[in-house]
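A.B. asks: No sequence on hand, only this structure:
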């Protein structure tokens, strides 16, 4: 199988205001790098962008330190409710699930809905779909997330969100936990996927950006996955804004630069990862920390010690 172009890949494990402890940084770096290596190898075998995105999201959902799937944060009532979406840039189809419980990999449900008549399901609809698909019941609760929720409950939920990464030495980190994958396959096709356990301690029924085009969007020209404060991402309609600007003729760098300049002016708090059809890789943030890693066709890199709060576009 001969690839027509060099695949590209970028993933993220959330964004926040701190990443305390070198041990935590090294652990996160190793985890992200291992996932990038495996998913990029899949792309080199001829896998589609959508297949790579789903596999990457599955692996990130299965990593307990990230806030998606196993390791998801608890809402105010002590329950885990997850959201995920995928968008195939070639077909132009967006699909997702909102506030689904007791499944291991919400991204798999989003994938199934790519070919459904009703492509975004929430709450009871998502639960019914899980039953129809005979998805085994799964408890993604971890000891660290339970401890985090218990301590915050004792403090009457004064914090507005849970920790971005579940690490003992980073209990004080302010988090905006989401995972995401953006891929360009060897045939020039793009896809984006995003999954989250929410922000933690939130009001029951709150809907995140992760299952909206605001937080996850792709066309044949560009693809973006966002992470950060969901309400800020929704207000900026960030992913769709960047992709539409590229589709309308801006370079990816220009589209990201303009969108993040606007976001900083509006005091938004988030990050995003992006690819375009030429293979350009871009990532940006208005927060302090963006947990992202990428494969540029030659080697693996990451953003974990990038502290200047500026947009980066190197390829």
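C.D. replies: Cool, got the structure. What you see is a predicted model; the values in this text were computed from it and never measured.

A.B. asks: residues in contact with stretch 116-134?
C.D. replies: The contact list for stretch 116-134 (C-beta atoms under 8 Å, 6 or more residues apart in numbering) reads 85, 93-103, 109, 112-113, 205, 207, 211. Any C-beta I mention is one placed from the backbone N, CA and C, and that applies to glycine too.

A.B. asks: mind listing what's buried in that stretch?
C.D. replies: Neighbour counts over stretch 116-134 (16 or more other C-beta atoms under 10 Å) mark 119, 120, 121, 122, 126, 127, 129, 130 as buried.

A.B. asks: Any chance of TSV for those residues, columns distance to residue 298, secondary structure and pLDDT?
C.D. replies: Formatted as TSV, these follow (distance: C-beta to C-beta, whole Å; DSSP: H, G, I helix; E, B strand; the rest coil; pLDDT from 0 to 100):
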residue	distance to residue 298	secondary structure	pLDDT
119	36	coil	98
120	37	strand	98
121	40	strand	98
122	42	strand	97
126	40	helix	96
127	44	helix	96
129	41	helix	97
130	41	helix	97
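
A.B. asks: Just the closest of these to residue 256, please.
C.D. replies: Distance to residue 256 across the buried residues of stretch 116-134 (C-beta to C-beta) is lowest for residue 120, with 26.0 Å.

A.B. asks: Looking at strand pairing, list the partners for that closest one.
C.D. replies: Beta-bridge pairing of residue 120 under DSSP bridges involves residue 96.

A.B. asks: how far away is it from residue 149?
C.D. replies: Between residue 120 and residue 149 the distance is 28 Å, computed by C-beta to C-beta, to the nearest Å.

A.B. asks: related to what we said a few turns ago, and the furthest pair within the buried residues of stretch 116-134?
C.D. replies: 119 and 127, at 16.7 Å, using C-beta to C-beta across these.

A.B. asks: all helices of the stretch 101-250 of the chain, in order?
C.D. replies: 106-112, 123-132, 143-154, 230-236, 238-247 (DSSP state H, counting those that start in this stretch).

A.B. asks: Report the separation between residue 263 and residue 238.
C.D. replies: 7 Å.

A.B. asks: ah, wrong one, I meant residue 9
C.D. replies: Distance, residue 9 to residue 238, using C-beta to C-beta: 20 Å.

A.B. asks: Can you get me a residue count around the closest residue to residue 208 other than its chain neighbours?
C.D. replies: Leaving out its chain neighbours, the residue that sits closest to residue 208 by C-beta to C-beta, 6 or more residues apart in numbering is residue 230, at 4.3 Å. Applying other C-beta atoms under 10 Å, we find 26 residues neighbouring residue 230.
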